[in-house]
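Colleague: got a predicted structure here, sequence first:
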Amino acid sequence: MTSTSFETLLYQHLTPLFQRHQFVLLPEKRQYRNLTDAGFQTVMLFPTFYDHETILDVQLGCRNDQVEQIAQQFQTSQAISRPDANTLTAFITQFADYSSARFSIHSEKELLAVCDQIEQFFVSVGFDFLTASCALPAIDRLLNGQPEQLCPYVPNQMHRCYKGLIAASLNHNRHFKDLVDTYRHVFVQQTQNSYEQIRFERLIAFLQHYSAN
């Protein structure tokens, strides 16, 4: 299969299910997206094409606009990515019964079988996870439940420090002050860049005086 025929078949097979759950296909971004009151939910499809094989990665994500709008005032990420930034992401492999996030596909028959697996995952687990994880208390829990350990839902642990504190502040987490101390330590471990550390301290000062409407 060519890359064009692969993606055409992929979207043809998956789109009906996602449409029933209010997701819209954004082919230029290779994702399905569902707008919510708080931001959006997204399902990202990443095919990598080789001579005799296509590897497909499937990733879930959710965005909380309030968390991202505060974080991006202090982070140094590129402006072009800001409207599309996810607050949390997860690969299928992070869920039980899925040993690999990557699907190896060699034929149209295998592609359709993989689509069936993807549909089964979202019906049984994926849609429920996206709905639950977009709520602010869930974001606070997923980011801050184990602050001393790496967070599997944010690849960049410096960004996790930003988003974790913001979510804790917005959710009125009673452990906010302890999280400040923990993430200060984590942040120093992640970078010795004084400019980055100053920006993080500015976020802390902002949150200490911030009151969500």
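Modeller: Perfect, I can see it now.
Colleague: helix/strand/coil for the nearest residue to Ala85 once chain neighbours are set aside?
Modeller: Nearest in space to Ala85, with sequence neighbours left out and distances taken as CB to CB, 6 or more residues apart in numbering, is Glu68 at 5.5 Å. Just so you know, the C-beta spots here come from the backbone N, C-alpha and C atoms, and that holds for glycine as well. Recorded secondary structure, Glu68: helix (DSSP: H, G, I helix; E, B strand; the rest coil).
Colleague: do Phe46 as well
Modeller: Judged by three-state DSSP, the three-state class of Phe46 is strand.
Colleague: the closest residue to it other than its chain neighbours and Thr191, how far apart?
Modeller: Nearest in space to Phe46, with sequence neighbours left out and distances taken as CB to CB, 6+ apart, is Asp57 at 4.1 Å. Distance from Asp57 to Thr191, counting by CB to CB, to the nearest Å: 27 Å.
Colleague: between these two, which is the more surrounded one?
Modeller: For Asp57 versus Thr191, neighbours defined as other CB atoms under 10 Å are more numerous around Asp57 (16 against 13).
Colleague: got the phi/psi numbers for the more buried one?
Modeller: phi -100, psi 140 (degrees, to the nearest 10).
Colleague: list the contacts for it?
Modeller: Asp57 sits next to 44-48, 91, 101-103 when contact means CB atoms under 8 Å, 6 or more residues apart in numbering.
Colleague: cool, and Asn171?
Modeller: Asn171 makes contacts with 136-137, 139-140, as judged by CB under 8 Å, 6+ apart.
Colleague: do that again at 7 Å, thanks
Modeller: 136-137, 140 (CB atoms under 7 Å, 6 or more residues apart in numbering).
Colleague: among these, which one lies nearest to His13?
Modeller: Distance ranking of the contacts of Asn171 against His13, using CB to CB, places Leu136 first at 34.0 Å.
Colleague: what about the closest one, how many residues nearby?
Modeller: Neighbours around Leu136, by other CB under 10 Å: 19.
Colleague: now the one 3 residues further on
Modeller: When counting by other CB under 10 Å, one arrives at 26 neighbours for Ile139.
Colleague: before we move on, the earlier item: from Asp116, how far out is the residue nearest to Phe46?
Modeller: Per CB to CB, Asp57 is found 17 Å from Asp116.
Colleague: could you do His106 as well?
Modeller: Distance of His106 to Asp116, given as CB to CB: 16 Å.
Colleague: need the contacts of Asp57 in JSON lines (columns: distance to Ser3, pLDDT and neighbour count).
Modeller: JSON lines is the format used below for those (distance: CB to CB, whole Å; pLDDT from 0 to 100; neighbours: other CB atoms under 10 Å):
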{"residue": "Met44", "distance to Ser3": "17", "pLDDT": "96", "neighbour count": "18"}
{"residue": "Leu45", "distance to Ser3": "12", "pLDDT": "95", "neighbour count": "19"}
{"residue": "Phe46", "distance to Ser3": "12", "pLDDT": "92", "neighbour count": "14"}
{"residue": "Pro47", "distance to Ser3": "7", "pLDDT": "93", "neighbour count": "16"}
{"residue": "Thr48", "distance to Ser3": "10", "pLDDT": "93", "neighbour count": "11"}
{"residue": "Phe91", "distance to Ser3": "22", "pLDDT": "90", "neighbour count": "17"}
{"residue": "Ala101", "distance to Ser3": "20", "pLDDT": "59", "neighbour count": "16"}
{"residue": "Arg102", "distance to Ser3": "17", "pLDDT": "80", "neighbour count": "14"}
{"residue": "Phe103", "distance to Ser3": "15", "pLDDT": "90", "neighbour count": "19"}
